[in-house]
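Q: give me coordinates for this.
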Amino acid sequence: MRLGKIWLFFLFCSVLILKSPSQAQRKAPPDPARPKIRAITAFINLDRAQYQQQVADAMAMLKRARTVLESRD
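A: Sure, this is the predicted structure:
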């Protein structure tokens with residue numbers, strides 16, 4: 001029975017050590033002046049008669065936005 005209590009104590013201590021806040025990874029807070037941009041999107045309402053031109057215009061706008069974003073760094 002003594003071995004069971006030792007094992008239980010070891011398990012309890014292991015859980016405390018693994019869950020302690022000192023073991024958690026701490027990340028530096030992000031700079032609020034420069035938010036991280038993950039995606040640039042475009043929403044368009046398609047018209048059957050001219051959807052190809054609308055998609056081409058949206059792609060051109062997205063490429064310009066990417067160029068501007070990359071030039072910020």
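Q: let me see the mean pLDDT of the helix or strand hosting residue 4.
A: Per DSSP states H and E: residue 4 is located in helix 2-19. Mean pLDDT, taken over the full extent of helix 2-19, equals 70.
Q: now the element after it, going C-ward?
A: helix 51-71.
Q: just the CA atoms of that following helix, as CSV, please.
A: What follows is helix 51-71, C-alpha atoms only, in CSV (Å, rounded to 0.1, in the frame of the first residue of the first chain):
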residue,chain,number,x,y,z
TYR,A,51,-18.1,37.9,-64.6
GLN,A,52,-14.7,37.4,-66.3
GLN,A,53,-14.0,41.1,-66.3
GLN,A,54,-15.2,41.4,-62.7
VAL,A,55,-12.9,38.6,-61.6
ALA,A,56,-10.0,40.2,-63.6
ASP,A,57,-10.6,43.6,-61.9
ALA,A,58,-10.7,41.9,-58.4
MET,A,59,-7.4,40.1,-59.1
ALA,A,60,-5.8,43.3,-60.2
MET,A,61,-7.0,45.0,-57.0
LEU,A,62,-5.6,42.2,-54.9
LYS,A,63,-2.2,42.3,-56.7
ARG,A,64,-2.0,46.0,-56.0
ALA,A,65,-2.9,45.5,-52.4
ARG,A,66,-0.2,42.8,-52.1
THR,A,67,2.4,45.1,-53.6
VAL,A,68,1.4,47.9,-51.1
LEU,A,69,1.5,45.5,-48.2
GLU,A,70,4.9,44.1,-49.1
SER,A,71,6.3,47.6,-49.6
